[in-house]
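# quick check, what structure comes out for this input:
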Amino acid sequence: MIYIYPTETAYALGCDATNNQAVDRIFAIKNRPKRQTLPLIMADIDMVKRYAHINKEAEKLIKEYWPGPLTLILDAKQSDLAEGVIAPDNSIAVRISNHPAATQLSQTIGKPFVSTSANASGNDTCYDVSRIKEQIDTTDIHMIDVGPLPKNIPSTIADIRKKLKVIRYGSVQIRPPKKIIAD
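Numbering: from 1, shown residues only. I've put the predicted structure just below:
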């Protein structure tokens, strides 16, 4: 089953991240090539640990910012995740959302849940279900409509597999460590 659901940043389009057919359908709806992987919402830190390796830097950021709008890129563990969720470099992008609907979807199925913006690729982000219906065919998509969402900026994305590298700045303002230059 495919869902449109609210997150702390905007409405998302998602499904069980282990269901190849559903994940394929999301790639088709978004008109997105599989080399552009899909981020995941996870229910809790135990789920993250089942699917990804967590280093000390990740643990520090997790304790400070999760649940919330911080997406971390971590090394994936062997798993049953669908094709297109794990990047060719064996990384996955994960977040524990602070929106109860997003977290509950992952908790209910007991697996990671795909989370990509619910707009047609190249169009503005949707903060209202009526705008989503203007952009994509929502036939056979279950919608969790909580009304218009505040227009929040997207999640911050940080790759922390080797060293902290911020890929996209959003509402979480983390900074990579400053380099110390020896004289």
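# so who does the nearest residue to Gly14 once chain neighbours are set aside touch?
Using CB to CB, 6 or more residues apart in numbering and skipping the chain neighbours, the partner closest in space to Gly14 is Val114 (4.3 Å). Quick note: C-beta positions are derived from backbone N, CA and C, even for glycine. Neighbour list for Val114: 13-17, 22-23, 26, 38-41, 85 [criterion: CB atoms under 8 Å, 6 or more residues apart in numbering].
# tell me which two of these sit farthest apart.
Using CB to CB, the contacts of Val114 span at most 15.3 Å, a distance reached by Ala22 and Pro39.
# more neighbours: which of those two?
Taking neighbours as other CB atoms under 10 Å, Ala22 and Pro39 compare with Pro39 leading, 23 against 17.
# where's the more buried one relative to Thr108, distance?
Distance, Pro39 to Thr108, using CB to CB, to the nearest Å: 19 Å.
# what do you get for Arg95?
17 Å.
# for the two, indicate the residue with more neighbours.
Ranked by neighbour count (other CB under 10 Å), Arg95 and Thr108 place Arg95 first, with 28 against 11.
# surely the more buried one touches Thr156?
No - here Arg95 does not reach Thr156: they are 9.8 Å apart, not a contact under CB atoms under 8 Å.
# is Arg95 in a bridge, and if so with what?
Ile41 (DSSP bridges).
# strands along this protein, start to end?
2-6, 11-14, 40-41, 70-75, 91-95, 113-114, 116-117, 141-143, 156-159, 165-168 (DSSP state E).
# quick one: closest of these to Leu81.
Taking the strands of the chain one by one with CB to CB, strand 91-95 is closest: 7.1 Å.
# can I get the CA coordinates of the closest one in PDB?
Extracted C-alpha coordinates of strand 91-95, given in PDB (Å, rounded to 0.1, in the frame of the first residue of the first chain):
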ATOM      1  CA  SER A  91      24.400   3.900   2.400                       C
ATOM      2  CA  ILE A  92      20.800   4.700   3.500                       C
ATOM      3  CA  ALA A  93      19.200   8.000   4.500                       C
ATOM      4  CA  VAL A  94      17.200   7.700   7.800                       C
ATOM      5  CA  ARG A  95      15.200   9.800  10.100                       C
END
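# ok, Tyr51 to Ile41 distance?
For Tyr51, the distance to Ile41 - CB to CB - is 12 Å.
# what touches both of Arg95 and Thr156?
Joint contacts of Arg95 and Thr156 (CB under 8 Å, 6+ apart) are Pro69, Leu70, Thr71.
# any chance of a markdown table for those, columns neighbour count, distance to Cys126 and pLDDT?
Listed next are the shared contacts of Arg95 and Thr156 as a markdown table, based on neighbours: other CB atoms under 10 Å; distance: CB to CB, whole Å; pLDDT from 0 to 100:
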| residue | neighbour count | distance to Cys126 | pLDDT |
| --- | --- | --- | --- |
| Pro69 | 22 | 16 | 94 |
| Leu70 | 21 | 21 | 96 |
| Thr71 | 24 | 18 | 96 |
